[in-house]
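Predicted coordinates and the sequence they were generated for:
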Amino acid sequence: MPELTVELHPESGVQRIIELKLDYGLPANTLKKLRSELTDKLYEISGGLSKTSEAAFALGAYNALAKGCEYDALPPAADAEGSQLSSDYRSTAYGALAEGKADSLGIALAYCALCRTEGIECVVVTGTLDGEGHCWNIVKIDQ
């Protein structure tokens, strides 16, 4: 998640401008490259899915994610040699789609993005599963 900074101009008064700054911790050119790779992967996967109905597409998107993405339930940790066991992008759609490994948030975000390529309403919801934080999707499919 990005780091958020909020600034008010002027600092007091009735009328102010609220400036929100988001810092994703990566240079702009790296973010553009990741966005491009993610977009390409979204359209590559969605292009191969059935578009006969929203339900068929949604099921195909689920199956594509189940086949192409390994679920990473463990928090990022270092092994004895200090290398990362989990992706830096494990909680992102990029991790799920481009790297093939993500936690429940990354998978839910990837599924949501796939659904939205076809105009299917989809949101990510959070809760707990077995006492741990977990994410799911709510999908609205026209009948």
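Ah, there it is. Numbering: from 1, shown residues only.

bridging residues for Met128?
Slight slip there: residue 128 is Thr, not Met. Gly133 (DSSP bridges).

Likewise for the one 10 residues further on?
Under DSSP bridges, the beta-bridge partners of Ile138 are Val123.

give the contact list for it.
Cys122, Val123, Val125 (C-beta atoms under 8 Å, 6 or more residues apart in numbering). Glycine gets a C-beta too; all of them are placed from N, C-alpha and C.

Just the buried ones from these?
Buried residues within those, defined by neighbour count using 16 or more other C-beta atoms under 10 Å: Cys122.

quick one: contacts for Cys115?
Applying C-beta under 8 Å, 6+ apart, the residues near Cys115 are Phe57, Ala58, Ala61, Glu121, Cys122, Asn137, Val139.

circling back to that earlier point, export the contacts of Ile138 to CSV and tack on pLDDT and distance to Asp88?
Output for those, formatted as CSV (pLDDT from 0 to 100; distance: C-beta to C-beta, whole Å):
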residue, pLDDT, distance to Asp88
Cys122, 98, 25
Val123, 98, 25
Val125, 98, 24
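
Give me the pLDDT value at Tyr24.
pLDDT, Tyr24: 89.

Could you tell me the phi and psi values at it?
When read as degrees, to the nearest 10, the backbone of Tyr24 gives phi -90, psi 0.

do the one 4 residues further on as well
Ala28 has phi and psi values of phi -60, psi -40 when expressed as degrees, to the nearest 10.

how about the strands in the chain?
3-9, 17-23, 70-71, 101-102, 121-129, 132-140 (DSSP state E).

which one of those strands has the most crowded surroundings?
strand 101-102 (a mean of 22; mean count of other C-beta atoms under 10 Å).

what residue ranges in the protein score low on pLDDT?
75-87, 143 (pLDDT under 70).

make it 50
78-85 (pLDDT under 50).

So what does Ser53 look like in phi/psi?
Torsion angles, degrees, to the nearest 10, at Ser53: phi -160, psi 160.

neighbours around it, how many?
12 (other C-beta atoms under 10 Å).

Also Asp40?
Using other C-beta under 10 Å: Asp40 sits among 12 other residues.
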